[in-house]
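*Asks:* give me a model of this one.
(chains A and B)
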2 protein chains.
Amino acid sequence: MAKIVVLGAGVMGSAFAQMIADSGHDVSLVGTHLDGNIISALRDGKTHPRLNLKLSNRMAALYLHELKDTLGSYTDLIVLGVSSSGVEWAIHQIGKTLPKTTPILLLTKGLAVHNRSLRILPEVVREGLAVHGFKGIIVGAIGGPCIAGELAARRSTSVVVALPDGSMLESIIRLFSAPYYHARGSADLIGVEACAALKNLYAIGIAFPAGQLEAGFIAENEAKMHNLCAGLFTQALVEMQYIVSWMGGHPFSVYGLAGSGDLYVTCQAGRNSRMGKLLGAGVRYSEAKSQQMSHETVEGADLALTIAPAINFLLQKGRLKESALPFMISILDAICSDKPISLPWHLFYR
Amino acid sequence: MAKIVVLGAGVMGSAFAQMIADSGHDVSLVGTHLDGNIISALRDGKTHPRLNLKLSNRMAALYLHELKDTLGSYTDLIVLGVSSSGVEWAIHQIGKTLPKTTPILLLTKGLAVHNRSLRILPEVVREGLAVHGFKGIIVGAIGGPCIAGELAARRSTSVVVALPDGSMLESIIRLFSAPYYHARGSADLIGVEACAALKNLYAIGIAFPAGQLEAGFIAENEAKMHNLCAGLFTQALVEMQYIVSWMGGHPFSVYGLAGSGDLYVTCQAGRNSRMGKLLGAGVRYSEAKSQQMSHETVEGADLALTIAPAINFLLQKGRLKESALPFMISILDAICSDKPISLPWHLFYR
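*Replies:* Residues are numbered from 1 along each chain as shown, chains lettered A, B, ... in the order given. From the prediction side, this is the model:
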């Protein structure tokens, strides 16, 4: 039985903690300063207010001030389930109390910008902890198609655990033994993390035709626009392969669970698709964000706003090829400059 | 302006012929002996009875007995839009009248069995025509995500034209210039054709969780089973890569339009998915085929029945690895032996 601490009691952190409990381990789910109502609900045996489910009673739900005590002098694994905007905060929290040499896994998806280039979040965490005096901490991440509500309902879920350290990877994967959780290992942390972030961005673009349909662009024979969606899906994989390779990752990750699987699931439901449909229906991003989706986090759009300045800089300098990223550029323009999505077909599938 | 003849006036042949007309060429759409009512409807300026659309009046709709005259002494390209069960018939028809050296493109998807191994349909056509005395005919095919009703409605569609002859490939692609038709070339005829056939089979398996849901396997929090579908989608790509490589094709085709794109579109709608849902809901294949879908062609199921004996032989001989095809084996067992679909997770994503 391992001792595992999950920081962040949102939907993904909580669903993951329950899977750890179902795997027979000692797990503490620690809420952030924003999760107080969730922790108190779980302590009272009530349903998780965002998952709408009663979770396993085999996990301890703790407030943030209990983090240090629960980490104690030894913890096998720390899992970060905070949002991408909470990563710096999490580094600070853990940096105060980390038991030495504890490996860390991120559930958080995103990309950071550093020196006008792109950087994966585990790298940000690793270097942030080094600033706090913790050098050489192993930081990995989990990618693959994982809607939190389905994981919480104990429905079959397949993921990739990515860690640069091969021997530790095997022992960590063995921890995740709940029968509905199918974890595979990968040494390609860059590829898995880049896919996990970029799929949100591309899912916005792939939902664009569905928005055109909903806006009344109906064919006489009631034909839908699945051909177009499918083409955009493939173009997204083509561009993800380019970016992943450029960042130093392996294209294999794009075709596996982290890329094709996670992009597939993200296109079936969720807020990125809703935003894409609004854009497809002719609503400009600024309007969609201030009106229809004013209270919702759209991860792909947040990523676009984060990385667009770096991407534009890298394109201008010729370090990224404009002809290799026509779909991404179109999505970034739609979100950052309120332009309509354009599809320069002559550059696609190259 | 090229002279192009399309044989087969079903949904795909007819939609394709209209795209050729829209590209400004001289096109004849020739019905098979089963397409008489379609040809007469088109000649009378009525809607195509299966596409529910009026098609371009810039193409000639011809009866089968007019095939020889329209081929004449010179035709730039013959396109076969017959069903996979009609390929031998089409070889016989064309073998009587083929103008020498006319290249042929297949819209037909499927795999044939020869000497207890798998063979792509363009190969079958090439060798069949050789028997008729036409040696060295270049036979290619078109893959990629293309629902015929959407193509007929002139909605954006992206395809791969695969031809072993590179110089001819470029000139053929230039013929397809309708603005909604985005054609790319590939020299990997084996890979494109294997994907085009196998995607139907795998789409049956990927629809299985949706059938479980429809049968009432509902979660307390109303969680769907998208994680599972997405995992199966990726596993299908993994296995398609194995088969394509084994057949001598290039794995690149699996990740492009022919593989990922066509599998994606096939999972969004259609009869293969309906069959998969029935299996997921607990209906055995023999019952589904004799009752719920008794009058419908399920291409993936037909393919399963065609290739299962060869696949089983190759597995027994150790020429194909059982551990590399767990999902395919499960789908074949469901269709050919009425077994419930099983998912041996330990073999997945390897």
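*Asks:* what strand or helix carries residue A:229?
*Replies:* In this structure, residue A:229 sits in helix A:226-247 according to DSSP states H and E.
*Asks:* touching the helix or strand following that helix from outside, list them.
*Replies:* Elements were assigned by DSSP H and E; along the chain past helix A:226-247, the next helix or strand is helix A:252-255. Helix A:252-255 is contacted from outside by A:143, A:160, A:186, A:188, A:191-192, A:194-195, A:237, A:240-241, A:244, A:259-260, B:234, B:237, B:241, B:254-255, B:260, using C-beta atoms under 8 Å, 6 or more residues apart in numbering or on different chains. All C-beta atoms are positioned from the backbone trio N, CA, C, and that covers glycine.
*Asks:* give me the nearest residue to the spatially most central residue of chain A, chain neighbours excluded.
*Replies:* Central residue of chain A (C-alpha atoms, centre = their mean): residue A:109, 2.7 Å from the mean position. Of all residues not flanking residue A:109 in the chain, residue A:196 sits nearest, at 4.3 Å (C-beta to C-beta, 6 or more residues apart in numbering or on different chains).
*Asks:* mind listing what that neighbour touches?
*Replies:* A:109, A:141, A:143, A:258, A:262.
*Asks:* swap in residue A:322?
*Replies:* If a contact means C-beta under 8 Å, 6+ apart, then residue A:322 has A:315, A:329 as its contacts.
*Asks:* host element of the residue in the stretch 1-150 of chain A positioned nearest to chain B?
*Replies:* Closest residue of the stretch 1-150 of chain A to chain B, C-beta to the nearest C-beta: residue A:145 (3.5 Å). Using DSSP H and E, residue A:145 sits in no helix or strand.
*Asks:* thinking again about what came up before, just flag the most distant two among the contacts of residue A:196.
*Replies:* Within the contacts of residue A:196, A:141 and A:262 form the most distant pair, 12.2 Å apart (C-beta to C-beta).
*Asks:* more neighbours: these two, which one.
*Replies:* Neighbours were counted for residue A:141 and for residue A:262 using other C-beta atoms under 10 Å in any protein chain shown; residue A:262 has more, 29 against 25.
*Asks:* can I assume that one is in contact with residue A:144?
*Replies:* Yes. With contact defined as C-beta atoms under 8 Å, residue A:262 counts as touching residue A:144 (5.7 Å).
*Asks:* still on that earlier bit, confirm for me that the residue of the stretch 1-150 of chain A closest to chain B is in contact with residue A:265.
*Replies:* Yes. Contact criterion C-beta under 8 Å: residue A:145 and residue A:265 qualify, at 3.6 Å.
*Asks:* now do the shared contacts for the two.
*Replies:* B:226, B:227, B:230.
*Asks:* what residues are up against the first one?
*Replies:* In this case it means residue B:226. A:145, A:147, A:150, A:265, A:268, A:269.
*Asks:* residue A:293 - how many residues pack around it?
*Replies:* Count around residue A:293 with other C-beta under 10 Å applied: 18.
*Asks:* please tell me how far residue A:258 sits from residue A:174.
*Replies:* 20 Å (C-beta to C-beta, to the nearest Å).
*Asks:* look at these two and report which has more neighbours.
*Replies:* Per other C-beta under 10 Å, whichever of residue A:258 and residue A:174 has more neighbours is residue A:258, with 33 against 11.
*Asks:* read off the pLDDT value for that one.
*Replies:* Residue A:258 is assigned a predicted lDDT (pLDDT) of 98.
*Asks:* contacting residues for it?
*Replies:* Residue A:258 sits next to A:143, A:144, A:160, A:162, A:186, A:191, A:192, A:195, A:196 when contact means C-beta under 8 Å, 6+ apart.
*Asks:* in helices, which of those residues fall?
*Replies:* Counting by DSSP state H, the contacts of residue A:258 place A:191, A:192, A:195, A:196 in helices.
*Asks:* just to revisit the earlier point, dump the contacts of residue B:226 to a markdown table, plus neighbour count and secondary structure.
*Replies:* Formatted as a markdown table, the contacts of residue B:226 follow (neighbours: other C-beta atoms under 10 Å in any protein chain shown; DSSP: H, G, I helix; E, B strand; the rest coil):
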| residue | neighbour count | secondary structure |
| --- | --- | --- |
| A:145 | 29 | coil |
| A:147 | 24 | coil |
| A:150 | 24 | helix |
| A:265 | 29 | helix |
| A:268 | 17 | helix |
| A:269 | 15 | coil |
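*Asks:* out of these, who's nearest residue B:288?
*Replies:* residue A:268 (24.1 Å).
*Asks:* hmm, that closest one is touching residue B:233, no?
*Replies:* No. With contact defined as C-beta under 8 Å, residue A:268 and residue B:233 do not form a contacting pair (10.0 Å).
*Asks:* quick one: contacts of whichever helix or strand residue A:89 is part of?
*Replies:* Assigned by DSSP H and E, residue A:89 belongs to helix A:87-97. If you take C-beta under 8 Å, 6+ apart as the criterion, helix A:87-97 is touched by A:7-8, A:32, A:64, A:67-68, A:71, A:78, A:80, A:82, A:104, A:106, A:108, A:110, A:112, A:121, A:124-125, A:128-129, A:131-134.
*Asks:* which among the residues you listed are in contact with chain B?
*Replies:* With C-beta under 8 Å from any C-beta of the partner chain as the criterion, those include none near chain B.
*Asks:* which ones among those residues map onto helices?
*Replies:* Per DSSP H, these map to helices at A:67, A:68, A:71, A:121, A:124, A:125, A:128, A:129, A:131.
*Asks:* how many residues are close by the residue lying closest to the last one once chain neighbours are set aside?
*Replies:* Looking back up the chat, that one is residue A:131. Take residue A:131 and drop its neighbours on the chain: the residue closest to it by C-beta to C-beta, 6+ apart is residue A:95, 7.6 Å away. Residue A:95: 16 surrounding residues under other C-beta under 10 Å.
*Asks:* nearest residue to residue A:271 in space, please, no chain neighbours.
*Replies:* Here the residue nearest residue A:271, using C-beta to C-beta, 6+ apart, is residue A:298, at 5.0 Å.
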